[in-house]
Every structure is written in C-alpha cells, then in structure tokens.
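Chemist: The sequence isn't on hand, but the structure is:
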DNA sequence: GTAAAAAAGATTGCATACGATTCTTGTGCA
DNA sequence: TGCACAAGAATCGTATGCAATCTTTTTTAC
C-alpha cells in the first residue's frame, strides 16, 4: 500500500521543529484511520513524502513509537500499531482509572469560556454525525476524541493531558480494530450529559457519567481473539 | 561541570539498542541525583562518553525529553530538567490520581511470589537507610522509587506502568529540588504498611494507605517560589 | 574603564554515505 | 511441481560532514 494518498500536505507552520510537525501529521492520519493498523511506515518513504531526510523522519517515527501508535522492530522498520486485545483492555483500564478523576478536576476549574468551548465541540460532533460518507465519519471519530482532550486541558494538568493524548489516540486505534458498531450517537448524548453536569457544578455526577461513558465505549468492543491475528500480524495487515 | 564522573560505564549488555542503554544509564544518573537539575547534556559529550556517534546520543536524549527528565531547547541543547513548583504539583496530582487505583488493581492480582519480592524490596530500603554516606542515600532514593514501580508492575498494566516510571523518575527530580528533609524512614514504614495490607488482601486499605503516603511525600516539599529560580535557570544550575 | 560590536569557537539541525541486516526474486535440484 | 539456496534489492543503524545558530572572547569606540 502506498501511504502517500493518506497523508495531507505538511505545508503549514512549524519551522520550529519539523520532526514534530511530521509526527502530528502522521498521528492525525493514524487516528483518523487513513493509515490502517499494520501499515508500514518506512523512513525513506516518510522522508520523501514530507521532503526531509531520513534523519528527521526517523525522529518523528521514534516519537510515535513512544506514544504507542507505532511499533518499531529492529532492522525491520516502523508499522502503525496493531494493538492486541490485551493492550486494548489496558488502554481502557487506564482510562477508567484516570478520566473520572480528571473529570472531577476539570469540574472544579471549569469556566464559562470552557463551557462555551464544550458546546462548540458538541455542535461539531453533532454536525459530523448528521453527515454521511467516510470523511464525515473520520471527522466524527476525531471530534469524539477531541471532546476528551478538551476536558483534559480544562483540568489544567499538563502531564495528565499528555497521558490522555496518548490514551485517546490509542483508543482510536483500538476502536478501529475491535469496534462493533458506531456508538457515535450514544457517545454524543453522553458527552452532552457530561457537559450538562459540568455546567451545573455537580462534580460527583461528572465523574460517574464519565466512568459510565468509558464503560459503554469499551462494551462496544469485541475483544475476543480473532481467528487470524497472528496471520494478520505476519502479513502486516 | 564535567558529567563524565557522574556516569557509570556502559559496558553492559544491550547490543540490541544502544540508544536505549544510554537512556537507561542517564536516567539512573538523573534519578540518583548524580546529575543535578540544569546540568547540560551535550550530544557530543554524551556520545564521547558512551563511545557512540552524536546520532545515537541524540536519540537517547530525545527519549529522556519525552519522559520529562530532560528539557531540550532548539539550537541550545539538552539539560537535566529543572521542574518548576507548578510542575512538581502536577507530578504529585497525577500520582494521587493514578496510584491509589493502581494499588487497588495490584491488590487484586498480587501473588505470594510478589509479596516475597516486596519483602526483599523493603529489606533493601531498610539496609540503605541504616547506612551512611551519599552513596547509600542515592541508593535509598532509588529503592524508594523502585517500591512504587514494583507495585505498578504487579498491577499488570504496561501502559500505567510506563506512566508510573515517568512519574517516579520526575518525582525524584522534584524531591531533589524541593525536598525539605529526608522522609525516608517515614516513607519506609509506610511502604511496610502497604505491603502488610496487600498481604492481608484489604484492597480498600491499600488504596487509602497509598493516598496518604503520596500526601506525606508531597507535604515534605517546600514548593514556595524561591528567590532566584530565574537566576538558577539562567546560570544552568 | 565601560559598553557595544565583531570575530572566533562550540554546538546543534539536518543531509548524506556506507556497512549490516532483512526481504525478494530467481535458479538449480530433487 | 515444490523446496532449498543464493544473488540482488531494499531498508535500517550509525558515523560523519556542512551550514546555521548560539556562546564566548576579543577588539574597538567612546
């Protein structure tokens, strides 16, 4: 598979650190499922696509491998991660542990401006759900993740925010692999409920709603071991 | 300051990935406080010390920067991180959020073998506390962190384990900068109490003890803004 | 004597080069 | 036909070189 078509142009911004710009671009592509799990990301190809040397491409891939979005094998290269059911469980166990508390923290600091941002985010989610087609679906997935990241940013803890960025990105991969249906509408209504609780200042409720929300997302997964994961792995699919 | 004396030889193991071996070595040096916050880690110097090219040294420094143990400034280089009081608060807020739940998870999975490992770990802590001198003190700090990492490994979640590795390492930096006294003896008795609760299977107690323990560690910090952090920063101290 | 300016030196950012490893393809033999 | 093996291509790991940037020292002007 040629990955060229799945990557948007990197023309924008970021004269500060090109590797970081490439990482962001690739991460978006992975989270949006434009790059399927298992896809090979060769240093040379990435470098050519973004018009940089292998050195810079390699740095970007190393960053993604730290985030768990890319798996690197020595002398073989980098591949879009293909999380196992066990890894998937761990991702959601981590979220169950972190996000309710994070939501409580956010509830204690949320401002009117934040609420407005949440409302805008919910609107965007709703818009993409109403639309049809694969592009809207990708945007919907991304918007759904962005809701959780917005909450993390409101909590005001940069470290937890980074952890959540990783967990949300990996969740997207997991859902791509093991998701049964589109829980989107359901998820959207739950997001709306969380914002409502945030606005009313009921932090305990926010926390509980968040926990249930995560449970619902995970409940939609089919984490039974498939017939051919080893084969898929072997074939880089 | 010449960092050569603060680094142990890298003769060991790891023909698999040299950058990773260098990262581990540097991380130990930072956590052990052999490398003070603010110390410059130039690519050339690190490369020479470990007998690799700047390419490999750079990769190791990049890893450490992802872990928050090293801060890199464009065109200026890498420095051992110098966490601000605000960052210190965030490190401990993160631990308060994660570790009680992690302890509960560990409690649900702990085996007799694990308990034995905990006992051995406690013995080691006690031994270093009894000893005198800076070397014993460093080992004591490391052993104290290793207790928390052991607990994380027992919980059986690789993702949370990695988060904890980062948080424990950064805590060590924070304590080096803002620690008031040696809470070591106090911390050791609390560790002992946690293991006791683990053994008795009282998971709720384990969680509560862990929360108090973290609170105690943080209570020993003096996070008031110092007179000259800006100056220290400017002078790379 | 002090402060600004310029030059020298050191360090990083990035590209490229080369050996080593892995993957692919084609050939010979059973 | 099917399999083992070897040559070739592709890719990775790492060292090194050059330009750009930053730091330090020296020079120069006031």
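Modeler: In hand now; what should we look at? This structure is a prediction, so every number in the text was calculated from the model and none was measured.
Chemist: Test my guess that residue A:32 contacts residue A:144.
Modeler: No - using C-beta atoms under 8 Å, residue A:32 makes no contact with residue A:144, being 11.7 Å away. (C-beta placed from N, C-alpha, C; glycine too.)
Chemist: Looking only at neighbour counts, state which of those two leads.
Modeler: Neighbour count, other C-beta atoms under 10 Å in any protein chain shown: between residue A:32 and residue A:144, residue A:144 has more, with 24 against 20.
Chemist: what ranges do the helices span in chain A?
Modeler: A:18-31, A:43-50, A:54-66, A:85-109, A:112-130, A:134-155, A:158-178, A:184-200, A:203-219, A:229-234 (DSSP state H).
Chemist: who wins for proximity to DNA strand D among those helices?
Modeler: helix A:43-50 (3.7 Å; C-beta to the nearest atom of the strand).
Chemist: what's the closest one packed up against?
Modeler: helix A:18-31, helix A:54-66 (3 or more C-beta pairs under 8 Å, 6 or more residues apart in numbering or on different chains; DSSP states H and E).
Chemist: Reformat those helices as TSV; add mean neighbour count and distance to DNA strand C.
Modeler: Formatted as TSV, the helices and strands packed on helix A:43-50 follow (neighbours: other C-beta atoms under 10 Å in any protein chain shown; distance: least, C-beta to the nearest atom of the strand, whole Å):
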stretch	mean neighbour count	distance to DNA strand C
helix A:18-31	21	4
helix A:54-66	20	4
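Chemist: Could you save those as JSON lines and add columns showing mean pLDDT?
Modeler: Output for those, formatted as JSON lines (pLDDT from 0 to 100):
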{"stretch": "helix A:18-31", "mean pLDDT": "95"}
{"stretch": "helix A:54-66", "mean pLDDT": "97"}
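Chemist: Quick one, which of those gets closest to residue A:221.
Modeler: helix A:18-31 (16.8 Å; C-beta to C-beta).
Chemist: quick check: angle from the closest one to helix A:158-178?
Modeler: 40 degrees (axes from the mean of the first three to the mean of the last three C-alpha atoms, to 10 degrees).
Chemist: Distance check, the residue nearest to residue A:164 when sequence neighbours are not counted against residue B:133.
Modeler: Spatial nearest neighbour of residue A:164, chain neighbours left out: residue A:152 (4.0 Å); criterion: C-beta to C-beta, 6 or more residues apart in numbering or on different chains. Distance of residue A:152 to residue B:133, given as C-beta to C-beta, to the nearest Å: 44 Å.
Chemist: out of the helices and strands packed on helix A:43-50, which comes closest to chain B?
Modeler: helix A:54-66 (4.9 Å; C-beta to the nearest C-beta).
Chemist: what's the closest one in contact with?
Modeler: The contact list for helix A:54-66, computed with C-beta atoms under 8 Å, 6 or more residues apart in numbering or on different chains, reads A:18-20, A:22-23, A:26-27, A:30, A:41, A:43-44, A:46-47, A:50, A:70-72, A:78, B:55, B:59, B:62-63, B:66.
Chemist: Stretch A:112-128 too?
Modeler: Stretch A:112-128 has contacts (C-beta under 8 Å, 6+ apart) with A:106, A:136-137, A:139-140, A:143-144, A:146-147, A:150-151, A:154, A:188, A:191-192, A:195, A:198-199.
Chemist: neighbours of the nearest residue to residue A:163 once chain neighbours are set aside, just the number please.
Modeler: Here the nearest residue to residue A:163 in space, its sequence neighbours aside, is residue B:163; by C-beta to C-beta, 6+ apart that works out to 5.8 Å. Residue B:163 has 25 neighbouring residues, counting by other C-beta under 10 Å.
Chemist: Pretty sure residue B:163 sits against residue B:99.
Modeler: No - the pair residue B:163 / residue B:99 is not scored as a contact, 10.1 Å apart, by C-beta under 8 Å.
Chemist: List the contacts of residue A:155.
Modeler: By C-beta under 8 Å, 6+ apart, the neighbours of residue A:155 are A:102-103, A:105-106, A:109, A:161.
Chemist: now, which of these lie close to chain B?
Modeler: Among the contacts of residue A:155, the residues that sit close to chain B (C-beta under 8 Å from any C-beta of the partner chain) are A:102, A:105.
Chemist: which of the contacts of residue A:155 are buried?
Modeler: A:102-103, A:105-106, A:161 (16 or more other C-beta atoms under 10 Å in any protein chain shown).
Chemist: Could you dump the residues you listed into CSV with distance to residue A:210 and pLDDT added?
Modeler: Converted to CSV, the buried ones among the contacts of residue A:155 look like this (distance: C-beta to C-beta, whole Å; pLDDT from 0 to 100):
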residue, distance to residue A:210, pLDDT
A:102, 8, 98
A:103, 4, 98
A:105, 11, 97
A:106, 9, 97
A:161, 15, 98
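Chemist: So of those residues, which two are at opposite extremes in space?
Modeler: Farthest pair in the buried ones among the contacts of residue A:155, by C-beta to C-beta: A:103 and A:161, 13.1 Å.
Chemist: my read: residue A:81 touches residue A:72, true?
Modeler: No - using C-beta under 8 Å, residue A:81 makes no contact with residue A:72, being 9.9 Å away.
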